[in-house]
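1. Provide a 3D model corresponding to the input given below.
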Amino acid sequence: MGRAHAILPRPAGGRLPHFGRVAADPCGRALTMDLNYTDDEKAFRERARAWLAENRPREPRPTEPQRAGAFDRAWQRKLFEGGYAGLNWPKEYGGAGYSLIEQLIWFEEVARVHAPSLNALAITINHAGPTLIARGTEAQKAFHLPRMLCGESIWCQGFSEPGAGSDLAALKTSGEISGDEIIVNGQKMWTSYGHLADYQELLIRTEPGSKRHHGLSWVICDMKAPGIEVVPVTNMMGELHVNMVFYDNVRIPLANVVGGVGEGWSVAMSTLSIERSLSFLTDQVELLQRVDDAFRLADRVKLEDGSAARDDAGLMRRLAAVKADAFAVRAMTIANISRIAEGGSPGAEGSLLKLYATETCQRLAEIVRDMLGHEFLRYGSDRHSNHWTYEFMWAWVLTISGGSSEIQREIIADRLLGLPRSR
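-> Prediction:
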């Protein structure tokens, strides 16, 4: 994080800014912000770097869905065996128990050597597991958490519906309580990895006639249960990544409710806070790596008029501006995980980071598009054919998934700035 110290004035009311490690000076009149890594963190980086050098897969992730799922499960199993699964999960739940700073270091090292991300296990590890840790029963944790960590189970998210994506509170999928079961009917949309998933974090309306945020429940749904139909949707990158999921009298044990019947909105907000703060951490960390890759690309690419991309002052100014933005994203990431480490749970500040990071990814992709010209259009059926074109399309996905940029602006205006609601 650089070799620097900064002296900050103590703010009015005694509330301290959250960034790096802060401490009062001997007179209590100022704060010292230490941006250096500790010796333990440096040692962790060296261990992580050595382990990745030895264990990261050398072959690319397959494009065929079932083989891709098997690849992701095998990588998660290797992470588990190496002690790098559930990096910041508490040790009592089988996690590695590392700090969020160490998790950031891990993602930096993963990006540096282009090791695989969690892919199909991302929802499992990054927010289904943490949601169960925060809100699940001991029985739910005991059964599911070990299976998540070792790659035995893949989870998907059943939140969005036709007509209830950005406006999640408009969801209509119903859950009728009958004895010790809930009978589910309805449809979910944009379910990432639903075609591979064993379980789903499912948000349903369990109180008949309820409106908006009331009467919802967050339940664990077995994706192999009778009455579930998964229909894959091919995205613009040519991948089978998202799905429609239909529920026809699907029976879910009442014991699978997380956080209590009718408390689904509260549990879902816990899930979404984790998602916006931590689930995009890989993309945030990889952003600087992508910017550096773009500068290297400029060294060898010629523009359509035959001039070198590196000599185009306009392109270089745009790249330099995006690199500055990428450094800002990194600083915001450090600030956010520091805030979470001190406060214990993600907050609305994650929307600032999600918005800025994903839109910076989009600006970088547009610059590379302009740099490559017609070559940019040469795209096959997968990310390996032209990864820059893939990244361009994925950048648009990032500004929608996990809550669109418009929704993030609403959250920032409402919860952070205290502005009047737009509707």
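2. hey, let's count contacts and neighbours off CA atoms from now on
-> Will do.
3. How are the strands of the protein distributed by residue range?
-> 5-9, 21-24, 30-34, 155-158, 174-178, 181-188, 199-205, 216-222, 228-234, 240-253, 257-258 (DSSP state E).
4. Go through those and name the closest to Ile105.
-> Minimum separation from Ile105 across the strands of the chain (C-alpha to C-alpha) falls at strand 21-24, 15.6 Å.
5. Would you map out the domains in this structure?
-> As recorded under automatic domain parsing, the domains making up the chain are 5-33, 39-117, 156-264, 280-416.
6. re earlier: take the strands of the chain and lay them out in a markdown table including mean neighbour count and distance to Glu286.
-> Shown next, in a markdown table, are the strands of the chain (neighbours: other C-alpha atoms under 10 Å; distance: least, C-alpha to C-alpha, whole Å):
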| stretch | mean neighbour count | distance to Glu286 |
| --- | --- | --- |
| strand 5-9 | 13 | 26 |
| strand 21-24 | 16 | 23 |
| strand 30-34 | 19 | 24 |
| strand 155-158 | 26 | 23 |
| strand 174-178 | 19 | 39 |
| strand 181-188 | 20 | 30 |
| strand 199-205 | 25 | 27 |
| strand 216-222 | 25 | 32 |
| strand 228-234 | 17 | 25 |
| strand 240-253 | 19 | 21 |
| strand 257-258 | 24 | 33 |
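7. Nearest to Gly373, out of these?
-> Judging the strands of the chain by C-alpha to C-alpha, what sits closest to Gly373 is strand 228-234, at 25.9 Å.
8. residues in contact with that closest one?
-> 194-195, 240-248, 250 (C-alpha atoms under 8 Å, 6 or more residues apart in numbering).
9. Same list (the residues you listed) but as a markdown table, adding pLDDT and distance to Asp325.
-> Formatted as a markdown table, the contacts of strand 228-234 follow (pLDDT from 0 to 100; distance: C-alpha to C-alpha, whole Å):
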| residue | pLDDT | distance to Asp325 |
| --- | --- | --- |
| Gly194 | 93 | 34 |
| His195 | 94 | 36 |
| Leu240 | 80 | 32 |
| His241 | 81 | 29 |
| Val242 | 87 | 30 |
| Asn243 | 92 | 33 |
| Met244 | 95 | 36 |
| Val245 | 96 | 38 |
| Phe246 | 97 | 41 |
| Tyr247 | 97 | 43 |
| Asp248 | 97 | 47 |
| Val250 | 97 | 47 |
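10. Report the two of those separated the most.
-> Leu240 and Val250 (24.3 Å).
11. Now do the closest residue to Gln408 other than its chain neighbours against Lys323, distance only.
-> Nearest in space to Gln408, with sequence neighbours left out and distances taken as C-alpha to C-alpha, 6 or more residues apart in numbering, is Ser351 at 5.3 Å. As judged by C-alpha to C-alpha, to the nearest Å, Ser351 and Lys323 stand 21 Å apart.
12. swap in Gly175?
-> For Gly175 relative to Lys323 (C-alpha to C-alpha), the value is 48 Å.
13. One more: Arg56?
-> With C-alpha to C-alpha as the criterion, Arg56 and Lys323 are 28 Å apart.
14. Which residue of these two possesses the greater neighbour count?
-> Neighbours were counted for Arg56 and for Lys323 using other C-alpha atoms under 10 Å; Lys323 has more, 22 against 16.
15. roughly how far apart are the spatially closest residue to Lys323 that is not a sequence neighbour and Thr124?
-> In this structure, Lys323 finds its nearest non-sequential neighbour in Val291, 6.2 Å apart by C-alpha to C-alpha, 6+ apart. In this view, Val291 and Thr124 are 29 Å apart by C-alpha to C-alpha.
16. Next: Pro130.
-> For Pro130, the distance to Thr124 - C-alpha to C-alpha - is 9 Å.
17. and what of Leu319?
-> Distance from Leu319 to Thr124, by C-alpha to C-alpha: 35 Å.
18. Which one's more surrounded, the two?
-> Between Leu319 and Thr124, Thr124 has the larger neighbour count (other C-alpha under 10 Å), namely 28 against 21.
19. Look up how far Asn126 lies from Gln103.
-> From Gln103 across to Asn126, the span is 12 Å (C-alpha to C-alpha).
20. looking at it, Ile337 is touching Ser99, isn't it?
-> No. Under the criterion of C-alpha atoms under 8 Å, Ile337 makes no contact with Ser99, lying 9.3 Å away.
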